[in-house]
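*Asks:* Just a sequence and a predicted model for now, questions to come.
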Amino acid sequence: MSGASAPLPYSMRDVDGGAYNNAKFRQRSRLKMATQALISKSSHYQCGKFTLGKFLSLLMVSGLVYLLVHKSSEGFVSGELHDKVQSRHASKDSPNIRTFWRKPPRLPPRLPPNEMYKNSSTLHQSPPSEWTSRQKKVKEAFEHAWSGYRNHAMGYDELMPLSHRGVDGLGGLGATVVDSLDTAIIMGADDVVSEASKWIEDNLMKKINEKGQVNLFETTIRVLGGLLSAYHLSGGDQAGGGDSGIPVTPKKTNPDRLLEVSKDLADRLLLAFTSSPTAIPYSDVVLRDRSAHASPDGLSSTSEATTLQLEFSYLSRISGDPKYDLEAMKVLEHMRTLPTVEGLVPIYISPYSGQFSGENIRLGSRGDSYYEYLLKVWVQQENYRNTSLKYLFEMYTEAMRGVKHLLVRKTTPNGLVFVGELPHGRNGAFSPKMDHLVCFLPGTLALGATKGITKKKALESNLLTKEDIENLQLAEDLAKTCVEMYFVTSTGLAPEIAYFHIEGNEGGPDGGNKSSEYINDITIKPLDRHNLLRPETVESLFVLHRITEDPKYREWGWQIFKAFEKYTKVDSGGYTSLDDVTSLPPPRRDKMETFFLGETLKYLYLLFGESNILPLDKYVFNTEAHPLPVIRSAAQVSDTV
C-alpha cells in the first residue's frame, strides 16, 4: 500500500492493546527516521539546486507521514469501530485503500421514527416538565372532544363529528356522558364534570325507564362501570377513597344520586342472569319492560358473558346487597367446569345449554376480556385471592401458558412477536391474524406478573417467578408489535386488524410507510384498514410504563397521540374514526366512539402523569377503563387511613 504497512490482524490486538501499541510505536519510529534522513540529505544542497522533482518527493513523503499519524490518532485509536469495518470487508474481499482510510462517522445515523426507541438504554428522556405539558395537551384534546359532543350530540350515545349530530347506537342512555365523567374527574376538567353530572341527575333515570333493548355487556362496562367509578372518585365510597391520589371536588357531583341510578340500572340488568336457564346470562335486556332474552342466534359471546363481575361485585360492596356479586360470579364458577384447550376457550357460548358453541379460539373480538377478567376479578377481591377465588388465577395462568404454546409466533423477516388465532380449534390451521383488540394483552400480562407493583420492587422483594419474568418479557415484546402496527402505516395509526407474515404464507398489501423496518412483516387487507380510535395499545403502554418505568412507553404513546391529533381531530369539535390508515389524507368515517373519551384519552393522560394517581396495586380498571378500588377488609382499610 505505497509505503504504508497493512492493518494489524485481530489476533495481534490483545485486551490491553500491548501488541498493537508496540507495533504502532515501531511504525511511527520508522517513518520518523525516514523523514529525518531525507531532510538531512536535502540540507547538503544549495537552495538553487533544490529541483522541482525533489521538492515534490519531499511533499509526498510529508503528506504520507501526516496521514498515517493523523489516522493513528483518529482512526486506529478507536480500534473497536475500525475492527468492525475491517471485519465486514474482509469477509467479502481483501483489504483495499478505500476501506483502510474510511473514518468513523462523526454523528450517529438518523433512525426512522419506528426505530427511535428500539434501544431504551440510549433513549432521550424528556424532562418532567415536558410530560406535564404533554399531559395538558391530552386534557385539551379531551375538552375538544367533549365540546363537539356537547354542542352537537348532548344526550345521544355518540357524536357524528362531521355531520354535527348525535346517534344512539348503544341503547340511548347517553353513553358518552357517563363514559366521560370519571375521565373528567381524573383530569380535573371541572366544567365537564359539572355538565356531565347535571345531565345524569336530570335525565339518566328517565332514559332508563323509557328505553328499550340494550346489550348487557356494553351497558355494564360503559354505563354501570362509569357510574360506579364516578361515585368512588367523587367521594361516595369513604372506605379506601383516599388511595386514588385525585382531589375530591365537592358539589361538582352528587355521589348519592350516582349510586341510586347505579342500583336501578343494575336491578334491570340482573334479569339477564335470572331469566337464563343456566349460569350464562342472556345477551340483551329490555330496560323498560324489565325483561331479557338471547340474541337472534341464541348465543352469547364468551367475552361478554364473562366480563361483568368487577362492576357487580363492587356494587354489592358499596350497597351492602350481595345479590349483584352472587349472580355475576356464578358465570365464572360455571366456566371453571367447562373443558378448555390448554386454558383457551371458544368465542361463543349458549345460555340455553351452558356449553361452548364452535371451536373458534382467539384473543380478539368475542374472546378478549374473558382472559382479562380472570385476572382482574382475582386482583379486585384481595381478601379471597388465596382462598375461594384462587381458581381464577389458576385459570388465568393456564390460559397464558396456552397462549404461549398455541398462539404466539414470530414474523419473518424481522421476528415481531404476535398472537394469532385458531379459527377451527386446536386441530385446524393457524391464522396469523391479530385484532387491535388483542393489544390489551401486554398490559394484562404485566399486571399478572407483578400484581401492579413495579418490576424493580418485585425483583428486590424476590416476588417474581421464572414464569412471571417470561410473561413480562412477552408483554414487552407484544407491546412493541402493537406499536409497530401504528408506525408501519402512512398515518401512524393502527388498523383494526393486521395479518403477520410467517413462513409458508404469502404477503399482501402493506401499511404504506416504506421507511418502516417492518413493512414486510405486517399485511393490512383493504377491509381491515379502518381505525376506530381504540385504546388497547395505549392501555398497555400505560400499564407497562407503570410497571417497568421504561420511558420508551411514554415516548411511543406521545407519537400515537400526535397522530390522533393530526389525522382525527375535527375543527368544529370532536375526533373522528378513519376509513383507511394506509392512505394520505385518510378518508374519515364520521363517528366518535365513547371509548375515545372514556379510555383512549384517559390512558394517555395517566401515561404522562405521576404513578401515585390510581396506583395499580390499589385500583383495577374495568375493560372500559373505569377504575374501581381493590376490595379490602375493614381492618386493611383502617390501617391505610
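*Replies:* Thanks, I have the structure now.
*Asks:* Near residue 506, how many other residues are there?
*Replies:* 6 (other Cβ atoms under 10 Å). Placement of C-beta: from N, CA and C, glycine included.
*Asks:* does it count as helix, strand or coil?
*Replies:* coil (DSSP: H, G, I helix; E, B strand; the rest coil).
*Asks:* Next up, phi/psi of it, please.
*Replies:* phi -80, psi 160 (degrees, to the nearest 10).
*Asks:* pLDDT score for it?
*Replies:* Model confidence at residue 506, expressed as pLDDT, equals 81.
*Asks:* what about it, distance to residue 525?
*Replies:* In this view, residue 506 and residue 525 are 12 Å apart by Cβ to Cβ, to the nearest Å.
*Asks:* cool, and residue 587?
*Replies:* 16 Å.
*Asks:* How about residue 202?
*Replies:* Distance of residue 202 to residue 525, computed by Cβ to Cβ: 46 Å.
*Asks:* Kindly report the same for residue 439.
*Replies:* Distance from residue 439 to residue 525, by Cβ to Cβ: 18 Å.
*Asks:* And residue 193, by the same measure?
*Replies:* Taking Cβ to Cβ, one finds residue 193 at 42 Å from residue 525.
*Asks:* quick one: contacts for residue 566?
*Replies:* 491, 492 (Cβ atoms under 8 Å, 6 or more residues apart in numbering).
*Asks:* Does it fall in a helix, a strand, or a coil region?
*Replies:* Residue 566 is classified as helix under three-state DSSP.
*Asks:* so what's it scoring on pLDDT?
*Replies:* 98.
*Asks:* And for residue 237?
*Replies:* On the pLDDT scale, residue 237 is placed at 85.
*Asks:* Next one: it from residue 318, what distance?
*Replies:* Counting by Cβ to Cβ, the gap from residue 237 to residue 318 is 6 Å.
*Asks:* swap in residue 182?
*Replies:* 15 Å.
*Asks:* More neighbours: which of these two?
*Replies:* Higher neighbour count among residue 182 and residue 318: residue 182, with 30 against 21, using other Cβ under 10 Å.
*Asks:* got the contact list for that one?
*Replies:* 226, 229, 230, 233, 598, 602, 626, 627.
*Asks:* For the third one, report the pLDDT, please.
*Replies:* In other words, residue 230. pLDDT recorded at residue 230 is 97.
*Asks:* And for the fourth one?
*Replies:* For residue 233, the pLDDT comes out at 95.
*Asks:* Need the nearest residue in space to it, chain neighbours excluded.
*Replies:* residue 185 (4.7 Å; Cβ to Cβ, 6 or more residues apart in numbering).
*Asks:* Which of the helices or strands spans the one you found?
*Replies:* helix 175-187 (DSSP states H and E).
*Asks:* Now do that helix, average pLDDT.
*Replies:* 98.
*Asks:* Look at residue 439 and residue 525 and report which has more neighbours.
*Replies:* When neighbours are counted by other Cβ under 10 Å, residue 439 and residue 525 differ, and residue 439 comes out ahead with 29 against 13.
*Asks:* Is the more buried one in a helix, a strand, or coil?
*Replies:* Residue 439 ends up helix, using three-state DSSP.
*Asks:* what about stretch 393-411, start to end distance?
*Replies:* One end of stretch 393-411 sits 30 Å from the other (Cα to Cα, to the nearest Å).
*Asks:* What residues of it count as buried?
*Replies:* 393, 395-397, 399-404, 406-407, 409, 411 (16 or more other Cβ atoms under 10 Å).
*Asks:* Quick one: name whatever helix or strand follows the helix or strand residue 195 falls within.
*Replies:* Secondary structure assigned from DSSP H and E places residue 195 in helix 190-199. Next helix or strand after helix 190-199 toward the C-terminus (DSSP H and E): helix 205-210.
*Asks:* Which neighbours in the sheet does the next helix or strand after that next one have, and how are they oriented?
*Replies:* As assigned by DSSP H and E, the chain's next helix or strand after helix 205-210 is strand 213-215. Paired neighbours of strand 213-215 in the sheet (DSSP bridges): strand 284-286 (antiparallel).
*Asks:* which residues sit against the strand it pairs with?
*Replies:* So strand 284-286 is contacted by 212-216, 219, 268-269, 271-272, 291-295 (Cβ under 8 Å, 6+ apart).
*Asks:* What is the distance between it and the centre of its chain?
*Replies:* 33 Å (Cα atoms, centre = their mean, to the nearest Å).
*Asks:* Note down every partner strand of the following helix or strand past that strand and its orientation.
*Replies:* Counting by DSSP H and E, the next helix or strand C-terminal to strand 284-286 is strand 291-293. As defined by DSSP bridges, the strand partners of strand 291-293 come to strand 284-286 (antiparallel).
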